[in-house]
Structure formats: structure tokens, C-alpha cells
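*Asks:* Coordinates only, no sequence provided:
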Ligand SMILES: Cc1cc2nc3c(=O)[nH]c(=O)nc-3n(C[C@H](O)[C@H](O)[C@H](O)COP(=O)(O)OP(=O)(O)OC[C@H]3O[C@@H](n4cnc5c(N)ncnc54)[C@H](O)[C@@H]3O)c2cc1C
């Protein structure tokens with residue numbers, strides 16, 4: 001059996017290894033259009049490669065996927081984050097889980113993952129062809145699949161497409177022309193640009209637990225928030241950008257956000273807290289009693305944004321002063337004007353639509369013998385190892401060639 005894997009990235013390598021493990025007699029080739037394979041793995045996770053997430057249950061794991069969660073819930077029963085970690089351990093790659101659930105090789109180097117894939121494909125006899133761009137798939141009545149590789153036709157029995165996310169729909173034309181439906185690609189995982197002079201004072205500050213919502217929508221995310229020189233970043237923003245990828249694209253990345261600096265306590269809860277502080281610390285200056293675990297820099301900013309002097313005593317605030325603080329703490333509004341890529345780490349929301357795929361086998365419903373794996377699918381995750389996990393799982397299932 002001749003098998004071609006189109007794309008020499010994470011999903012392509014994992015699929016190739018699995019195909020040979022499932023079908024030792026198969027002749028497997030990886031066709032990679034660029035000069036280098038595994039380029040994204042190399043730069044992933046800041047060069048450390050966050051291979052998966054340590055979520056303890058499948059239900060917890062699927063929460064990391066704004067798109068594709070339903071399909072992945074079933075696919076993870078076949079091959080989940082637990083199995084991936086076992087797989088790497090069996091191949092001699094030791095992994096560690098960090099306190100936030102991200103899993104990395106203990107070497108803290110993505111090269112360890114690359115070396116593992118290279119040695120596996122070497123041992124298993126997978127042929128790796130770089131500068132081999134596939135531009136067309138031709139289907140034939142005898143079930144063979146012809147690929148146009150660098151203008152030349154080559155015949156295969158089975159083909160797995162693992163060409164990664166395509167930021168533009170034109171990049172998927174060759175698959176659309178075979179009848180596959182495409183879910184329009186838009187970027188996911190980005191930070192928010194804010195043009196607010198006063199915010200510059202906060203640059204570099206982190207609010208450990210903020211809740212950010214997009215005004216006029218149900219989009220909401222809670223977590224650490226980082227103030228950068230261009231606006232807001234950090235896990236809360238990245239999560240919001242992922243879950244809101246489509247809605248925010250429609251808004252052309254122009255929208256208002258509300259920040260609750262207390263991590264989502266209600267107006268009433270914050271009001272109650274502030275009144276307790278007034279009672280317990282009447283003679284303290286605002287500056288000298290920081291509530292809700294905010295940093296001093298952020299607290300000074302919140303006081304000044306509420307038009308209050310930092311030296312004012314808590315007892316002197318009065319109802320009006322409390323209301324001003326309450327408003328800034330729970331409903332601090334900013335105009336977002338555009339987005340910025342997060343550390344060049346982005347994923348594509350959208351891709352080959354699930355309508356065109358049998359989600360049990362990852363086989364195309366349009367072309368028999370053609371399978372899909374990785375980011376080309378309409379799956380994407382938040383940061384934390386979720387995107388690689390989706391690549392490993394879909395590649396594992398596709399490689400059964402069922
Ligand atoms: C900077 C950065 C850091 C990241 N870090 C992490 C992380 O730490 N953890 C995590 O979970 N996710 C991370 N991601 C996301 C993750 O890298 C991707 O989701 C994952 O690489 C997708 O794997 P893939 O094999 O589907 O696609 P890719 O890795 O993009 O591989 C696709 C390959 O196919 C090739 N190709 C495309 N078209 C053709 C064609 N027509 N013919 C032949 N070859 C073709 C491409 O050249 C490419 O080599 C990161 C992304 C970026 C950009």
C-alpha cells in the first residue's frame with residue numbers, strides 16, 4: 001500500500017509514524033512543500049514545545065477548544081492527552097507538567113520532540129521529501145488517488161492531508177474543488193490594541209485575575225491580564241480572542257471591552273467589600289489599603305481613573321466616592337482598535353468543515369481514501385498545548401486508514 005502524507009508538520013509526522021505502526025508493509029512518504037519539516041514544532045512554545053495539556057478529564061480537556069470540541073470529545077476517547085504522554089514516554093521522551101497544566105519535554109527544548117519524530121520515521125522507513133508541493137488531487141474510478149507534486153503526477157492508495165491552517169480561503173481551493181465544504185478561515189489567538197494614553201502608565205503590569213467581556217456580546221473570559229505597550233494581552237485576552245475569533249472578525253476588530261479587575265465579583269459583592277474596608281480601616285489612606293489582590297501600580301491607576309486622590313482616607317470616600325471606585329473596579333471600559341499577533345503564535349479558526357468528514361475515521365466524505373489531520377480541520381484550541389493535542393489525536397485516528 002502506497003500512502004502519502006501531505007505536510008511535514010506535527011500532524012503529518014505523527015500520522016506517518018502511526019500508519020507504519022498500523023500497516024508495517026505500507027510505503028509511506030511525507031511530502032513537504034518547504035525546505036524544512038517540523039518548522040512550527042521548532043518554534044512552538046517559545047522553543048520549548050508545549051506538547052499537550054495536563055487536563056485531568058476529557059470534559060476538562062475539551063473546554064480548551066472554541067471550535068471542534070464536540071468532535072474531539074469522541075476522538076479523545078481513542079487517543080487523549082494521557083495517551084500522548086504515554087506515547088512520548090515509550091519513545092524515551094520525558095515530559096513534565098507545569099503548574100498551569102502545560103506539558104513540555106523536560107529538556108525544555110522543542111528539538112527533543114523533533115529528534116524523536118526524526119528517529120522514529122528513520123527507523124520505520126518513512127520517506128521524507130522536502131520541496132515537494134502538492135497542488136492538486138485527482139480522483140480516479142479505480143480508487144487510486146493521483147497527486148500533482150511539483151507539476152508531476154504520482155499515484156497513491158491512501159492520502160492524509162495535514163497541510164496545517166490556511167489563513168486565506170484561496171489556500172484551500174484545491175480541496176474545495178473536490179467538493180469539500182470550507183469553514184471560512186479567520187485568525188485566532190491575538191492580543192487587543194488599545195490607544196489609551198493613560199494606560200501606558202500601567203505597561204508591564206499584570207492583574208492576576210481579571211474578567212474581560214466584550215460589550216454587547218456574551219463573550220467573557222477570566223484569568224491573568226497583561227498590560228503591554230500596545231494594549232492588553234495575557235491568558236484572559238487570548239482566551240477571549242479564541243472564543244470570539246469569528247465575532248471579532250465580523251466587527252473588524254473594533255469593539256469595546258469591559259474589565260472587571262476583581263476577577264468577576266458582582267457589583268454588589270464589590271460594594272459589600274468596599275463598605276467593609278471603610279468600616280475596618282477608616283483612617284487608612286486609599287493608597288495604603290489595596291483590595292482584591294491588585295498590585296500597587298494597578299491600584300494607583302484605578303484610584304486615579306476614579307478621579308480620587310490617593311491620599312484620601314477610606315472614611316472620607318462617601319457614597320459618591322465608593323461608587324466611583326466600584327465603577328472602575330467592575331466596569332472599566334476600553335475601545336479596542338485592532339489586534340496584534342501573540343508572540344507570532346497564532347492558529348487558524350476554520351478550515352475543512354466537519355460536514356465533509358466522517359468524524360469517526362477522519363476520512364473525507366467526498367473522496368474515498370483521503371483523510372485529514374491537524375490544523376487544516378475546523379478545530380482550534382486556546383494556548384496551553386491544546387492545538388498540538390488536536391493534531392496528535394486527529395493524526396492518530398486518520399492513520400488507521402479506515
Ligand atoms: C509560533 C507558534 C508557536 C506555537 N506553539 C504551540 C505550542 O507550544 N503548543 C501548541 O499546542 N500549539 C502551538 N502552536 C500551534 C501549533 O503549532 C499548530 O496548531 C500545529 O503546528 C498544527 O500542526 P499541523 O501539522 O496541522 O500544521 P503545520 O505544523 O502548520 O504543518 C503543516 C505543514 O504542511 C506543509 N504544507 C502546506 N501546504 C502544503 C502542500 N500543498 N504541499 C506540501 N506541504 C504543504 C507546510 O509547509 C507545513 O510544514 C504554535 C503556533 C505557532 C505559529
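*Replies:* Here it is on my side, so go on. If you're wondering where the values come from, they're calculated on a predicted model, not measured in any experiment. Numbers count the residues shown, from 1 in each chain.
*Asks:* what sits against whatever residue of the stretch 151-300 of the chain ends up closest to the ligand?
*Replies:* Using CB to the nearest ligand atom, residue 164 is the residue of the stretch 151-300 of the chain that sits closest to the ligand, at 2.5 Å. All C-beta spots, glycine's among them, are computed from the backbone N, C-alpha and C. When contacts are counted by CB atoms under 8 Å, 6 or more residues apart in numbering, residue 164 touches 7, 9, 11, 40, 374-376.
*Asks:* rerun that using 6 Å as the cut-off
*Replies:* 9, 375 (CB atoms under 6 Å, 6 or more residues apart in numbering).
*Asks:* What are the phi and psi values at the nearest residue to residue 386 once chain neighbours are set aside?
*Replies:* Nearest residue to residue 386, sequence neighbours excluded (CB to CB, 6 or more residues apart in numbering): residue 64, at 3.8 Å. Per-residue torsions, residue 64: phi -80, psi 10 (degrees, to the nearest 10).
*Asks:* Let me know the distance separating residue 64 from the ligand.
*Replies:* 9 Å (CB to the nearest ligand atom, to the nearest Å).
*Asks:* Was I right to think that residue contacts residue 383?
*Replies:* No: using CB atoms under 6 Å, residue 64 is not in contact with residue 383; the gap is 8.8 Å.
*Asks:* picking up where we left off before, in what helix or strand does the residue of the stretch 151-300 of the chain closest to the ligand lie?
*Replies:* Following DSSP states H and E, one finds residue 164 outside all helices and strands.
*Asks:* Residue 225 too?
*Replies:* Using DSSP H and E, residue 225 falls in strand 220-227.
*Asks:* Within its sheet, name the partner strands of that strand and how each one runs.
*Replies:* In the sheet, strand 220-227 lines up against strand 206-214 (antiparallel), strand 231-233 (antiparallel) (DSSP bridges).
*Asks:* Any idea how many residues pack against residue 87?
*Replies:* Residue 87 has 18 neighbours, counted by other CB atoms under 10 Å.
*Asks:* same check, this time on the one 10 residues further on
*Replies:* Counted with other CB under 10 Å, the burial measure for residue 97 works out to 15 neighbours.
*Asks:* What residues does it make contact with?
*Replies:* 54, 103.
*Asks:* ok, now how distant is it from residue 208?
*Replies:* 21 Å (CB to CB, to the nearest Å).
*Asks:* cool, residue 112 as well?
*Replies:* 31 Å.
*Asks:* Residue 315 now?
*Replies:* Distance from residue 315 to residue 208, by CB to CB: 28 Å.
*Asks:* same thing with residue 48?
*Replies:* 23 Å.
*Asks:* more crowded one of these two?
*Replies:* residue 48 (17 against 14).
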